[in-house]
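>>> Here you go, sequence then predicted model.
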Amino acid sequence: IGAMESINGKNGNENGNKMSDGRFERLNGDMIKNKGMGDGAIISVIGAMESINGSIMSLRSSDGILLSYAITSDFEFEQGKVVEIMGAKNPDSNFIDAFVSRELGPDFDLNLYNDFLTKVLHSNTGRFRECFGTT
């Protein structure tokens, strides 16, 4: 996925979720598909690449939910590789327009990361959101 030049001016969405430049809402599949989080925003999802069909790539998120991404022709697909993908979440669907990706390595623990998302970052208390980029 091509390099991102600038995200200035993209620090919020219609739902009032404010992000500082360079910070993205970190979500899992359930938060996107079932809870409507990230609509109209730039988001970050970590998961394992599952399949590719033309310009659509499927990613199994840290909680095991399959998400669809629009990718560019130069995207390097490798089934099972764990990656972080940042992109714009379409508010009318669960489709994500990917624009930045990075490999996280074979030892990345998706279950531990999902625990971080659900038990720390997006916990009911919100105690640590400020530390990790969301308020």
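Arrived safely, thanks for sending.
>>> any chance you could read off phi and psi for K81?
Main-chain torsions, K81, degrees, to the nearest 10: phi -70, psi 130.
>>> and it, what does it touch?
Neighbouring residues of K81 by C-beta atoms under 8 Å, 6 or more residues apart in numbering: A48, M49, E103. For the C-beta atoms, the positions are set from N, CA and C on the backbone; glycine is no exception.
>>> Just the buried residues of those residues.
Among these, those buried by neighbour count (16 or more other C-beta atoms under 10 Å) are A48, M49.
>>> got the buried residues for the lengthiest strand in the chain?
Across the chain, the strand with the greatest residue count (assigned by DSSP state E) is strand 42-53. The neighbour-count check on strand 42-53 (16+ other C-beta under 10 Å) flags I42, I43, S44, V45, I46, G47, A48, M49, E50 as buried.
>>> And the contacts of K81, which is closest to F75?
Using C-beta to C-beta, the shortest approach to F75 within the contacts of K81 belongs to M49, at 9.6 Å.
>>> pretty sure the closest one is in contact with F75, am I right?
No: at 9.6 Å, M49 does not count as touching F75 under the criterion of C-beta atoms under 8 Å.
>>> Overlap of the contact sets of these two?
With C-beta under 8 Å, 6+ apart, M49 and F75 have common neighbours M57.
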